[in-house]
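**Student:** sequence unknown, structure follows:
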Ligand SMILES: O=P(O)(O)OC[C@H]1O[C@](O)(COP(=O)(O)O)[C@@H](O)[C@@H]1O
Ligand SMILES: [Mn+2]
């Protein structure tokens with residue numbers, strides 16, 4: 001028996017036997033429904049336009065639903081217009097209003113069509129679940145429209161009357177927006193982002209705003225997200241890192257227009273210190289044009305070099321503070337022979353392609369000069385006191401984690417570090433060795449400490465440094481490579497030095513037995529469970545498949561990031577898990593002008609249709625039903641009194 005205090009608390013919400021019983025009936029009905037559709041994306045890398053389009057179009061499924069609803073009789077042009085309206089209702093309505101094209105007749109027809117689509121996409125849910133997804137002000141009306149009997153003449157009249165009065169009182173546009181949002185909400189029941197929202201692409205901040213308003217989303221942190229979260233805690237190496245990557249991709253908009261980070265101190269410093277230096281290796285890539293903050297590439301190259309040099313200095317300092325990171329061989333600023341113009345990496349000497357270091361003291365190469373120190377102080381303040389960034393980072397904390405077990409799937413961005421022999425690799429943290437699930441749980445806590453521990457606590461400071469280790473450390477589960485060769489890329493010509501050895505996980509996890517080992521480690525059944533992974537682009541054009549280990553592992557980094565599309569040959573994947581199957585949608589490069597339907601292939605049919613009762617949510621509901629039954633029993637036995645008004 002539950003304790004009485006708990007039942008009393010429940011009785012506030014269900015004050016009578018009738019109220020509790022009707023909720024039992026409602027929840028039991030939900031248990032018997034097919035599970036909602038889950039969507040999985042990974043490695044969004046700031047590609048806001050492509051991602052938002054995929055999300056709003058449910059990766060092509062909404063278009064399919066339109067075609068099905070109107071049994072293929074609607075002309076394609078109208079289908080496209082309707083689809084666009086559903087994806088971007090406010091924008092399309094605005095355009096139509098400017099053209100004076102959204103007249104009463106158009107609104108009437110549109111509402112009718114949207115209601116038909118709503119009916120189609122809500123058919124697998126209970127009336128109550130659908131109602132809960134409606135905006136309160138229109139819930140009653142939408143509910144009526146969805147359940148009208150078209151064979152009944154009186155009801156048909158009633159139906160037209162409702163629509164007419166919506167238009168008469170001039171809330172037609174608001175009503176249309178509400179219907180469009182409901183359709184999208186019903187199509188994607190829940191959303192999983194397997195990490196790397198940030199960096200490379202133009203506007204991760206816009207993606208974060210979109211996710212912030214999504215009804216059900218969880219995030220498994222990627223190394224790039226961790227780097228931004230670290231920057232928000234004030235970690236200097238992470239701050240330099242996010243600035244360096246953004247500048248190198250010419251993504252000034254995300255910094256200046258997005259997060260309002262003032263780059264003027266950096267640009268003035270760079271222009272002065274690197275005045276005579278062409279900074280050839282530091283010219284930014286130009287995958288996207290900046291809309292708001294176009295920066296002259298010559299200046300951008302100088303800013304890029306300035307922040308890179310500072311980054312290598314502060315990274316060296318972190319490594320010195322933490323011998324336990326075992327990264328001394330990565331303090332390459334100290335491996336430079338400034339007279340010879342060479343650097344020694346892993347015992348081998350290489351000529352450096354750039355030897356102009358006006359801010360480096362060869363005797364103390366990790367020391368920042370006065371100006372660099374002042375610059376970092378200013379930059380750190382703008383990260384620490386950044387309202388929007390902190391809103392986004394808090395969301396990453398509240399909705400994110402190192403991993404998640406969700407409906408018998410195990411989700412994480414990088415890897416579970418392994419040794420060559422297939423055992424889990426141990427990482428020494430805070431004097432103790434952790435591996436496998438224990439490592440992931442421990443690191444989850446450490447990431448929390450970085451942000452939430454008081455500023456002056458030693459534990460907090462240690463965790464903040466550790467955010468940088470997670471970005472690029474050899475045993476970091478979100479990174480999963482033996483080293484990060486950023487220094488070599490900038491300063492050495494020999495591509496042999498660019499190699500970043502992958503953790504043995506990547507070789508082993510393509511075999512079923514190792515996936516089973518990992519699933520068991522996380523308490524999941526080896527039958528019917530999957531691992532869903534991002535981080536490593538799948539090279540489709542070289543014949544690689546995202547489905548590995550006999551269907552147990554899905555690697556869904558398909559290259560939504562423009563920078564990686566030439567490697568993968570496509571423009572990203574969506575994994576879609578509904579009650580019948582797991583399917584992969586393969587996307588073509590995003591084109592604003594023309595919607596392209598993705599190639600969807602079913603990768604696994606489930607043996608029995610998956611019902612809500614079979615899911616994590618179902619288990620939660622079962623607990624709720626049993627509590628409610630106890631509440632009813634307590635009322636019946638007189639232990640608690642009903643509150644009949
Ligand atoms: O392709 P870029 O942007 O120059 O970055 C390369 C660096 O990014 C990394 O691939 C990490 O980023 P990912 O998590 O997106 O793979 C490093 O291993 C590598 O050094
Ligand atoms: Mn990654």
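**Tutor:** Alright, I've got the coordinates. From a predicted model like this one, the values you see are computed outputs, not experimental measurements. Residues are numbered from 1 along each chain as shown. Ligands and ions are numbered 1, 2, ... in the order given.
**Student:** drop to CA atoms for contacts and neighbour counts, all remaining ones
**Tutor:** Will do.
**Student:** and residue 92, what element?
**Tutor:** helix 89-98 (DSSP states H and E).
**Student:** what is that helix packed up against?
**Tutor:** Applying 3 or more C-alpha pairs under 8 Å, 6 or more residues apart in numbering; DSSP states H and E, we find helix 89-98 packed against helix 76-87, helix 172-187.
**Student:** show me what the shortest one packs onto, helices and strands only.
**Tutor:** Right, the one you point to is helix 76-87. In terms of contacts (3+ C-alpha pairs under 8 Å, 6+ apart), helix 76-87 is packed against helix 48-56, helix 61-69, helix 89-98, helix 172-187.
**Student:** returning to that earlier point: hey, which of the helices and strands packed on helix 89-98 is tucked in deepest?
**Tutor:** Burial of the helices and strands packed on helix 89-98 is given as mean neighbour count (mean count of other C-alpha atoms under 10 Å); helix 172-187 ranks first at a mean of 21.
**Student:** report the separation between the residue of the stretch 351-500 of the chain found nearest ligand 1 and residue 371.
**Tutor:** Residue of the stretch 351-500 of the chain nearest ligand 1, by C-alpha to the nearest ligand atom: residue 484 (4.9 Å). Note on residue 484: its distance to residue 371, by C-alpha to C-alpha, to the nearest Å, is 28 Å.
**Student:** ok, now residue 443?
**Tutor:** Remark: distance between residue 443 and residue 371 (C-alpha to C-alpha) = 35 Å.
**Student:** neighbour-wise, which of those two wins?
**Tutor:** Between residue 443 and residue 371, residue 443 has the larger neighbour count (other C-alpha atoms under 10 Å), namely 22 against 12.
**Student:** tell me, what's the model's pLDDT at that one?
**Tutor:** Residue 443 carries a pLDDT value of 98.
**Student:** which strand or helix spans it?
**Tutor:** For residue 443, the element it lies in under DSSP H and E is helix 436-452.
**Student:** neighbouring contacts of that helix?
**Tutor:** For helix 436-452, contacts defined as C-alpha atoms under 8 Å, 6 or more residues apart in numbering pick out 230, 233, 397, 401-403, 416-417, 424-427, 434, 459-464, 467, 477, 518, 521-522.
**Student:** swap in 7 Å and give it another go.
**Tutor:** 233, 401, 402, 416, 424, 460, 463, 464, 467, 521, 522 (C-alpha atoms under 7 Å, 6 or more residues apart in numbering).
**Student:** show residues contacting the longest helix along the chain.
**Tutor:** With secondary structure taken from DSSP state H, the chain has its longest helix at helix 297-321. Contacts of helix 297-321 with the rest of the structure, by C-alpha under 7 Å, 6+ apart, involve 236-237, 240-241, 244, 247-248, 266-267, 270-271, 274, 279, 282-284, 325, 327-328, 331, 333, 366-368, 465.
**Student:** helices along the stretch 251-400 of the chain, start to end?
**Tutor:** Secondary structure of the stretch 251-400 of the chain, counting by DSSP state H, counting those that start in this stretch: helices at 252-253, 264-273, 297-321, 370-384, 387-399.
**Student:** now do the longest one against helix 370-384, angle only.
**Tutor:** With axes from the mean of the first three to the mean of the last three C-alpha atoms, to 10 degrees defining the directions, helix 297-321 sits at 90 degrees from helix 370-384.
**Student:** tell me the mean pLDDT for helix 297-321?
**Tutor:** For helix 297-321, the per-residue pLDDT averages 97.
**Student:** would it count as contacting ligand 1?
**Tutor:** No: with C-alpha under 6 Å from any ligand atom as the criterion, ligand 1 is not reached by helix 297-321; the gap is at least 12.8 Å.
**Student:** residue 68: what's it in contact with?
**Tutor:** No contacts exist for residue 68 under C-alpha under 7 Å, 6+ apart.
**Student:** tell me how far it lies from residue 79.
**Tutor:** 11 Å.
**Student:** how far is stretch 376-388 from where the chain is centred?
**Tutor:** 23 Å (C-alpha atoms, centre = their mean, to the nearest Å).
**Student:** buried ones in it?
**Tutor:** Within stretch 376-388, the residues scored as buried using 16 or more other C-alpha atoms under 10 Å are 376, 378, 379, 380, 382, 383, 384.
**Student:** so what's the residue count around the closest residue in space to residue 613 that isn't next to it in sequence?
**Tutor:** Closest residue in space to residue 613, ignoring its immediate chain neighbours: residue 31 at 4.5 Å, by C-alpha to C-alpha, 6 or more residues apart in numbering. Residues lying near residue 31 (other C-alpha under 10 Å) number 20.
**Student:** same question for residue 206.
**Tutor:** Other residues close to residue 206 by other C-alpha under 10 Å number 17.
**Student:** am I right that it sits in a helix?
**Tutor:** Yes: remark: residue 206 belongs to a helix, assigned using DSSP: H, G, I helix; E, B strand; the rest coil.
**Student:** what sits against it?
**Tutor:** Listed by C-alpha under 7 Å, 6+ apart, the contact set of residue 206 reads residue 48.
**Student:** who's the residue nearest the centre of the chain bridged to?
**Tutor:** In the chain, the residue lying closest to the centroid (C-alpha atoms, centre = their mean) is residue 193, at 3.6 Å. Counting by DSSP bridges, residue 193 forms beta bridges with residue 41, residue 219.
**Student:** how close does it sit to residue 43?
**Tutor:** In terms of C-alpha to C-alpha, residue 193 sits 8 Å off from residue 43.
**Student:** roughly how far does the residue of the stretch 251-400 of the chain found nearest ligand 1 sit from residue 564?
**Tutor:** Here the stretch 251-400 of the chain gets closest to ligand 1 at one residue, residue 285, 9.7 Å apart by C-alpha to the nearest ligand atom. According to C-alpha to C-alpha, residue 285 and residue 564 sit 13 Å apart.
**Student:** with residue 337 instead?
**Tutor:** Counting by C-alpha to C-alpha, the gap from residue 337 to residue 564 is 35 Å.
**Student:** Serialize the helices of the stretch 251-400 of the chain to TSV and add fields for distance to residue 348.
**Tutor:** Shown next, in TSV, are the helices of the stretch 251-400 of the chain (distance: least, C-alpha to C-alpha, whole Å):
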stretch	distance to residue 348
helix 252-253	37
helix 264-273	31
helix 297-321	20
helix 370-384	31
helix 387-399	41
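**Student:** tell me which of these sits most buried.
**Tutor:** The highest average neighbour count among these, using mean count of other C-alpha under 10 Å, belongs to helix 252-253 at a mean of 24.
**Student:** next one: that helix to chain centre, how far?
**Tutor:** With C-alpha atoms, centre = their mean, you get 20 Å for helix 252-253.
**Student:** now stretch 25-42
**Tutor:** Offset of stretch 25-42 from its chain centre (C-alpha atoms, centre = their mean): 22 Å.
**Student:** swap in stretch 367-382?
**Tutor:** So, by C-alpha atoms, centre = their mean, the centroid of stretch 367-382 is 31 Å from its chain's centroid.
**Student:** so where's the protein uncertain?
**Tutor:** The model of the chain has pLDDT under 70 over residues 1-2, 287-293, 595-596.
**Student:** quick one: buried residues of stretch 421-438?
**Tutor:** 422, 424, 425, 426, 427, 434, 435, 436, 437.
**Student:** contacting residues around residue 618?
**Tutor:** So residue 618 contacts 31, 612 (C-alpha under 7 Å, 6+ apart).
**Student:** so it sits in a helix?
**Tutor:** Yes: the assignment for residue 618 by three-state DSSP puts it in a helix.
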